[in-house]
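Q: have a look at this fold, sequence not included:
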C-alpha cells in the first residue's frame, strides 16, 4: 500500500510536469504507467486485507472494498472539475495545478491507510465464529501458491469469466449516453442522457456490494450463474425496447441498470471466488494476475463496440441499428462465460501447499 501511494501520487506529479511542458508522453508515463501501477497495487491490497478480517463473509468484505473503488469516481470527477474551475478563475494553469493538488490529496489519504491498516494475527477469528465444516466442493480448506495458481484450469476459467463480464459491461457503459439518445431519437435530451449515465453509475456501485454479499449465501458459482444466464437474456432483449419496437424508455433504463449492477457485482465477487478455490494465502497476488482480464477487456471491449459503430457510419447505415448487433455480441460472450463457470471444479490437491513446500518469509522451506 505504501508503494501504491508513492506510485499513484507520483503519477499525478509527472503528469503535471507533462501538462506544464506540453509533453503528452509525460502524461502517458505519469498518469498512465506510473499512476496505473499505483492504481493496481492500491486496488488489490485492501481487498485481500478485508478477506482476512471477514473470513465469515468474504463476499461482503470484497463488496465493501470494490464498492468504494467504484464510488471513487463520484468524488474524483467533481473534485477535478471544481479544482480546474478554481485555478482557472485564479489565473493559474488549471490542468497542471489540478494534477498536483489531486496527487497530493490522494497521497495523504492513501498514507493514512498505510499507517492504519493491519492484517489480523494468523490464528485470529471473529468473536463467537466457528469455521464451518466444509459444505461445498468449491470452498477449499487448503491454500495454493501464486506460482501454482495460474497453472490451474480454474484460474483461466475465472479469467475468461471476468473478461467476458467486463467486456459486456463496457458494451453499455462506453456508449450509454449516445445509445439512449440514438435508440429514442427526439425523446431523450443530452441532459437526460447524462442522468441515465448517473443511474448506471449508482447501480454499478450498489451491485458491487449487493451481489457480492448475496454470494456469501448462494455461493460464487451460483452468483455467476445468475450473471451469465439473466445477463445474456437481458442483453438479448434490451434492443427490443427501442423506439421502433416496444418504445419503452423506463424498460430500457431498468434493464440496463440491472445489467450494470451485475457488471459491478462480477468485479466484487471474483476475489471471494478466488479465495474459495485457492485459499487466502496468496489471494492478493492471484487476484492481481487475474485482473489482467480486466485490462484485456478494456482494450477488446471498445474495439468491438467502436468497430461495429464505425462500420455502420462508414457504410451510411442507420447508427441506431448498430446497437442491437453490439448487444447481441455481448450476449454471446456471456454464454461463453456461462460455459466457463459450469466447468469450474475444485482445485486438484497436487497444487495445494503442504508442509513440505511452504517457504516462510525469513527462512528456508520447512
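A: Okay, I see it. Only a predicted model underlies this, so the values are computations on that prediction, with no experimental measurement involved. Numbers count the residues shown, from 1 in each chain.
Q: number of nearby residues for residue 165?
A: Using other Cβ atoms under 10 Å, residue 165 has 29 other residues around it. Bear in mind the C-beta positions are built from the backbone N, C-alpha and C, glycine included.
Q: meant to ask about residue 128
A: Using other Cβ under 10 Å: residue 128 sits among 6 other residues.
Q: how confident was the prediction at it?
A: Note for residue 128: predicted pLDDT of 85.
Q: cool, residue 82 as well?
A: Listed pLDDT for residue 82 reads 93.
Q: would you say residue 60 is within a helix?
A: Yes - under DSSP: H, G, I helix; E, B strand; the rest coil, residue 60 falls within a helix.
Q: mind starting the numbering at 483 from now?
A: OK, 483 is where the count begins now, so the last one is residue 542.
Q: which SSE is immediately downstream of the helix or strand where residue 696 lies?
A: Element membership for residue 696, per DSSP states H and E: helix 672-700. Sequence-wise, the next helix or strand downstream of helix 672-700 (DSSP H and E) is helix 702-719.
Q: in the stretch 483-632 of the chain, where is pLDDT below threshold?
A: The stretch 483-632 of the chain contains residues with pLDDT under 70 at 614-617.
Q: ranges for the helices of it?
A: Under the criterion DSSP state H, counting those that start in this stretch, the stretch 483-632 of the chain contains helices at 484-503, 506-509, 517-535, 540-553, 555-571, 576-598, 628-631.
Q: and of these, who's closest to residue 816?
A: Closest to residue 816 of those is helix 540-553 (Cβ to Cβ; 20.2 Å).
Q: just the endpoints, please. Distance across stretch 761-777?
A: Its first and final residues considered, stretch 761-777 spans 24 Å by Cα to Cα, to the nearest Å.
Q: give the buried residues for it.
A: Along stretch 761-777, these residues count as buried under the neighbour rule (16 or more other Cβ atoms under 10 Å): 761, 763-773, 775-776.
Q: nearest to residue 603, out of the residues you listed: which one, please.
A: Looking across the buried residues of stretch 761-777 and measuring by Cβ to Cβ, the closest to residue 603 is residue 763, at 15.0 Å.
Q: can you tell me how far residue 794 is from residue 788?
A: 11 Å (Cβ to Cβ, to the nearest Å).
Q: how about residue 648: what's its closest non-neighbour residue?
A: residue 779 (3.7 Å; Cβ to Cβ, 6 or more residues apart in numbering).
Q: ok, residue 644 - contacts?
A: 748-749, 752, 772-773, 775-776, 779 (Cβ atoms under 8 Å, 6 or more residues apart in numbering).
Q: from residue 521, how far off is it?
A: For residue 644 relative to residue 521 (Cβ to Cβ), the value is 17 Å.
Q: centre-most residue in this protein?
A: residue 749 (4.3 Å; Cα atoms, centre = their mean).
Q: is that one in contact with residue 690, as I believe?
A: Yes - using Cβ atoms under 8 Å, residue 749 makes contact with residue 690 at a distance of 6.0 Å.
Q: domains in the protein, by residue range?
A: The record assigns the chain these domain ranges, following automatic domain parsing: 484-598, 628-831.
Q: got the end-to-end distance for the shortest one?
A: One end of domain 484-598 to the other measures 11 Å (Cα to Cα).
Q: quick one: that domain to chain centroid distance?
A: 16 Å (Cα atoms, centre = their mean, to the nearest Å).
Q: need the contact list for residue 487.
A: Here residue 487 is in contact with 520, 524, 588-589, 592-593, 595-596 (Cβ under 8 Å, 6+ apart).
Q: got phi/psi on residue 554?
A: Note on residue 554: its backbone torsions stand at phi -60, psi -30 [degrees, to the nearest 10].
Q: now the phi/psi pair for residue 609, please.
A: According to degrees, to the nearest 10, residue 609 has phi -60, psi 130.
Q: can you list contacts of whatever helix or strand residue 794 lives in?
A: Here residue 794, judged by DSSP H and E, is contained in helix 774-796. By Cβ under 8 Å, 6+ apart, the residues outside helix 774-796 that reach it are 641-642, 644-646, 648-653, 656-657, 749, 799-801, 803-804, 807-808, 811.
Q: got it, and stretch 733-740?
A: 654, 658, 662, 665-666, 678, 681-682, 685, 712, 716, 719-720, 723-724.
Q: residue 794 and residue 788: which is more packed in?
A: residue 794 (17 against 13).
Q: just the local confidence number for that one, please.
A: 93.
Q: go on, the one 5 residues further on?
A: Residue 799 is assigned 92 on the pLDDT scale.
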